[in-house]
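[1] pasting a predicted model and its sequence here:
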Amino acid sequence: METAGRPQDAVVVAIDGPSGTGKSSTSRAVATKLGLRFLDTGAQYRAMTWWMLTNEVDVDDAAAVALASDKPVLVSGTDPLNPTITVDGVDASGPIRTQEVTAAVSAVSAVPEVRARLVELQRTACAESAAAGGIVVEGRDIGTTVLPDATLKVYLTASAQARAARRSGELKGVPGAGQMSVEATREALVRRDAADSGRKTSPLAKADDAIEVDTTELSLEQVIEAIVTLVDEKLKERTTG
Ligand SMILES: Nc1ncnc2c1ncn2[C@@H]1O[C@H](COP(=O)(O)OP(=O)(O)OP(=O)(O)O)[C@@H](O)[C@H]1O
Ligand SMILES: Nc1ccn([C@H]2C[C@H](O)[C@@H](COP(=O)(O)O)O2)c(=O)n1
């Protein structure tokens, strides 16, 4: 039997949560350990935003964004050791991390036409990963909307202070990322989470059947181990139940 476009034995892990909770780093490492593919859906929303900014589409004009949303050709590479993203054939992995993109991404990702287009790409990547055994997909609406039949759903959280400290450490020395204090970073994270949670179409939310992991006091290694253990448990349930 197949569910949501994937064979029943493929492993699909959905990892959601607010900004800076460790979704990307954890998901990549879990995918690497388990030999699965990896998809950073935030990178796709950022790539769409970068295209809008580069092509002078007013990101606050939802109708203009909707009209343009089928134009960029977005391609995500799903090797967890070398995740890639191109827009119209150009490597976008650097430009999508600038503050200009970060400031505009919530507005672009609130547009239903943008979401419909990217959800389709995400489900295709998931279906294509089945041959490799499955995928770890991270974002904001993976467990609630994109992959409601995922094998395991995890919702990562952490205090705003811990997330800001992690994020501002990470941005030091990244060209174009700009320098912000921990306090300014914290405010920007909280503002973006509020916009992502408050939008009408598939907002940031914990799925009812997701397992919440608070990473505030955990090292990255501890979070990775906790999720690998949860996947193992789900797979055992599958064989025994
Ligand atoms: N448990 C942890 N302890 C300490 N640092 C961590 C932990 N998890 C992640 N980090 C660090 O925090 C920063 C943010 O992590 P990451 O980019 O994975 O978060 P994210 O949830 O994907 O963020 P975003 O939603 O903004 O893309 C990175 O520098 C990462 O190395
Ligand atoms: N499934 C997703 C993934 C991301 N977004 C939006 C909301 C975020 O603020 C933005 C950037 O994501 P990040 O790179 O910080 O993980 O993209 C979304 O709406 N749905």
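    Yes, it's here. Since we're looking at a predicted model, the values are computed, not measured. Ligands and ions are numbered 1, 2, ... in the order given.
[2] show me the strands in this structure, by range?
    2-3, 6-7, 11-16, 37-40, 74-77, 84-87, 90-91, 134-139, 152-157, 211-214 (DSSP state E).
[3] list the buried residues for the third one?
    The reference is to strand 11-16. Of the residues in strand 11-16, those buried under the neighbour-count criterion (16 or more other Cβ atoms under 10 Å) are Val11, Val12, Val13, Ala14, Ile15, Asp16. No exception for glycine: its C-beta is placed from N, CA and C like everyone else's.
[4] on that earlier part again, which stretch in the strands of the chain is the model least sure about?
    Here the lowest mean pLDDT among those goes to strand 2-3, at a mean of 44.
[5] which positions in the protein make contact with ligand 2?
    19, 41-42, 45-46, 105-106, 109, 139-142, 192, 196 (Cβ under 6 Å from any ligand atom).
[6] dump these to CSV, plus neighbour count.
    Output for these, formatted as CSV (neighbours: other Cβ atoms under 10 Å):
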residue, neighbour count
Ser19, 23
Thr41, 23
Gly42, 18
Tyr45, 24
Arg46, 25
Val105, 24
Ser106, 21
Ser109, 27
Gly139, 31
Arg140, 25
Asp141, 23
Ile142, 31
Arg192, 18
Asp196, 23
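[7] returning to that earlier point: want to throw the buried residues of strand 11-16 into TSV with distance to Val87?
    TSV is the format used below for the buried residues of strand 11-16 (distance: Cβ to Cβ, whole Å):
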residue	distance to Val87
Val11	29
Val12	26
Val13	26
Ala14	25
Ile15	24
Asp16	24
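[8] need the residues you listed in TSV (columns: distance to ligand 1).
    Shown next, in TSV, are the buried residues of strand 11-16 (distance: Cβ to the nearest ligand atom, whole Å):
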residue	distance to ligand 1
Val11	20
Val12	18
Val13	14
Ala14	14
Ile15	9
Asp16	9
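[9] ligand 2: which of those is nearest?
    Asp16 (7.3 Å; Cβ to the nearest ligand atom).
[10] let me have the strands of the chain in TSV, adding distance to Gln99 as columns.
    Listed next are the strands of the chain as TSV, based on distance: least, Cβ to Cβ, whole Å:
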stretch	distance to Gln99
strand 2-3	40
strand 6-7	37
strand 11-16	24
strand 37-40	18
strand 74-77	21
strand 84-87	18
strand 90-91	19
strand 134-139	21
strand 152-157	23
strand 211-214	28
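[11] which one of the ones you listed is the most hemmed in?
    Among the strands of the chain, ranked by average contacts under mean count of other Cβ atoms under 10 Å, first place goes to strand 134-139 (a mean of 29).
[12] name all residues that make contact with the most centrally placed residue in the chain.
    By Cα atoms, centre = their mean, the chain has its centre lying nearest to Gly139, at 2.6 Å. Applying Cβ atoms under 8 Å, 6 or more residues apart in numbering to Gly139 gives the contacts Ile15, Asp16, Lys23, Asp40, Thr41, Gly42, Gln122, Val146.
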